[in-house]
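Q: 3D, please:
(one chain, ligands or ions: 1)
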Amino acid sequence: MSEKILAANFKTNHTRASTRDYVGALDAGMEKMGYDAPVYLFPPATALESFDTRSDIRIGAQNAYPTVKGSFTGEIGLEQLGEFDIDTVLLGHSERRHILGETQEFVAQKYSWFQERDFTIVYCIGEPLEVREAGDEAVRRYIVEQLEGIDTSYGKLILAYEPVWAIGTGKTATPDLIEATHATIKNLSDRPLLYGGSVKPANIAEILAVPGCDGTLIGTASWEVESMLSMLSKVKGEK
Ligand code: PGA
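A: Numbers count the residues shown, from 1 in each chain. Purely as a prediction, here's the structure:
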């Protein structure tokens, strides 16, 4: 199996102190099992730091505003990220689109801004349940819209397909559905493509074995470091 990309999205979980403990334990665990592929970690903004790790742990921001600094109450920009040498950002997550009301236009604006600054961008796409129920063509059109204004050939883009109905619900998409949707997305971009949505130790091996799945973006099951390490060991076992 070629090198898989694993990413952990802490969402609104963990503190600075618990993130430090987590990174320490993850680093030690990765070293012990000889895990040398990169692992991306998206802690909350208050826990961002430049960690000195022996393993390839890359810290990214869950969100940032397209500005160096300025008057954008509640947001963080390049100045705040630069303090910790953060050059990775997660954009387009469904929770930001649907709960925080980010439009495609705004997400694309952020994307271009961070692309110009050479960031690694993990860009999320994925359909809500009613679109999935409307069929494959509806899903394809929805995804095409979520790629509007996005340079899908950007060399530092990592795509993440996350069906909204599978996020945090325990309802994982079936391998067949992941394979079919990934094939659709691969026709639109040749960048690495992760799957996200209720990935956990019990199903990660099966998901990573799906043709066209280059890794996983994990929420809930990544929050306990033992669970994350258990998933990494499964990836290792697959190699
Ligand atoms: P989940 O979240 O693993 O809890 O479903 C995935 C995500 O939102 O990135």
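
Q: Could I get the contacting residues of the residue of the chain found nearest the ligand?
A: Nearest to the ligand in the chain, going by CB to the nearest ligand atom, is residue 219, at a distance of 2.3 Å. All C-beta spots, glycine's among them, are computed from the backbone N, C-alpha and C. With contact taken as CB atoms under 8 Å, 6 or more residues apart in numbering, residue 219 is in contact with 8-9, 11, 167-168, 196.

Q: do that again at 10 Å, thanks
A: Listed by CB atoms under 10 Å, 6 or more residues apart in numbering, the contact set of residue 219 reads 7-11, 13, 42, 93, 95, 162, 167-168, 196-200.

Q: so which of those residues are also by the ligand?
A: The subset of the contacts of residue 219 within reach of the ligand, by CB under 6 Å from any ligand atom, is 9, 162, 167-168, 196-199.

Q: Which one among those sits at the bottom for pLDDT?
A: Minimum pLDDT for those is recorded at residue 168 (85).

Q: That residue and residue 197 touch, don't they?
A: Yes - in this structure, residue 168 is within contact of residue 197 by CB atoms under 10 Å, at 8.3 Å.

Q: any common contacting residues for those two?
A: Joint contacts of residue 168 and residue 197 (CB under 10 Å, 6+ apart) are 94, 219.

Q: what about these two, which has more around it?
A: More crowded of residue 168 and residue 197, by other CB atoms under 10 Å: residue 197, with 26 against 13.

Q: about what we covered before: just the buried residues out of the contacts of residue 219, in ChimeraX syntax.
A: The ChimeraX selection below is limited to those of these classed as buried (16 or more other CB atoms under 10 Å):
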select :7,8,9,10,11,42,93,95,162,167,196,197,198,199,200
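
Q: Right, I'll call it a day here.
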